[in-house]
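Asks: below are the sequence and a predicted model for it; my questions follow.
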Amino acid sequence: MHFDFYYYRSPNSQRVMMVLDKLNKLYPGEGPTYDVKHIDLRKGDKVDMLYSPKGYCPALFDTNGSRYFESGAIILRLCEIFDVNGALLPLDDTNPHAKRSEALSWFFNITADFAMKLQGLIIPAIHAKKDEKSQVAEFLIQTIKDTLKEFAEFYNDRLEETGSYIMDSPHPTICDLSLMPLLHTFLTMDMLEINFSIEDYEYLNTWYKRMLENSSVQKTLAFK
């Protein structure tokens, strides 16, 4: 199946691209193919509301005329269609080391709790700094740092427990592919001078370096 992929360089679009690319590699000839349609939200561009009701990225439109929007919903639907072996999302709860219910719980913790908290802070912080509202900007930046620390501790503990990836799995799942672009964005962001490091979080730091070696991650992070 082929898709038009409406993309803006953000963690939401990046996690979808990582899953698309990984599914394509896992299921050669049967996985999803796609053309990227760049949308520059900074210039006020929006996706046609035919494909995304609010005009936001990411959004997919397939050859059957179906539309997909909201990154979490897109990823789950892609796994339903293509991930027939449950490599990225376990098929059921029969394997005690790879339960579907467990994977979904971690996935929504990342895409709903972690992502919503941080992304809800970043835009106000950028505007406050731009408008030279220093006290507001300092408060928001400190809140971002505190939130990052909270989640770094949380996921460091989880990765210590599993010893590898977020699920007790020999390979990344949708949980890892969803967390990676979000964490990477805040570790490499310089516009707010957050200067957050995960060097003191042994298991999270090891996981992050391992994820940077993943070919789907590398392709996505290099994509402009």
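Replies: That came in fine, so what should we check first?
Asks: and the protein, what are its domain boundaries?
Replies: The chain resolves into domains spanning 2-82, 100-219 when parsed by automatic domain parsing.
Asks: give me the mean pLDDT for the first one.
Replies: Domain 2-82 carries an average pLDDT of 88.
Asks: and for stretch 139-149?
Replies: Stretch 139-149 comes out at a mean pLDDT of 86.
Asks: how many neighbours does residue 214 have?
Replies: 19 (other Cβ atoms under 10 Å). For glycine as for every other residue, the C-beta is placed from the backbone atoms N, C-alpha and C.
Asks: ditto for residue 105
Replies: When neighbours are defined as other Cβ under 10 Å, residue 105 has 11 of them.
Asks: element containing it?
Replies: helix 100-108 (DSSP states H and E).
Asks: for the helix or strand following that helix, name the packing helices and strands.
Replies: Sequence order places helix 115-130 as the next helix or strand after helix 100-108, per DSSP H and E. Counting contacts by 3 or more Cβ pairs under 8 Å, 6 or more residues apart in numbering; DSSP states H and E, helix 115-130 packs against helix 11-26, helix 134-162, helix 174-188.
Asks: buried ones in helix 115-130?
Replies: The neighbour-count check on helix 115-130 (16 or more other Cβ atoms under 10 Å) flags 115, 118, 121, 122, 125, 126, 128, 129 as buried.
Asks: save the residues you listed as CSV, and put in pLDDT and distance to residue 197 too.
Replies: Formatted as CSV, the buried residues of helix 115-130 follow (pLDDT from 0 to 100; distance: Cβ to Cβ, whole Å):
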residue, pLDDT, distance to residue 197
115, 78, 20
118, 78, 16
121, 76, 19
122, 71, 18
125, 76, 19
126, 71, 21
128, 73, 23
129, 68, 21
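Asks: would CSV of the residues you listed with distance to residue 80 be doable?
Replies: CSV is the format used below for these (distance: Cβ to Cβ, whole Å):
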residue, distance to residue 80
115, 21
118, 27
121, 32
122, 31
125, 36
126, 36
128, 41
129, 41
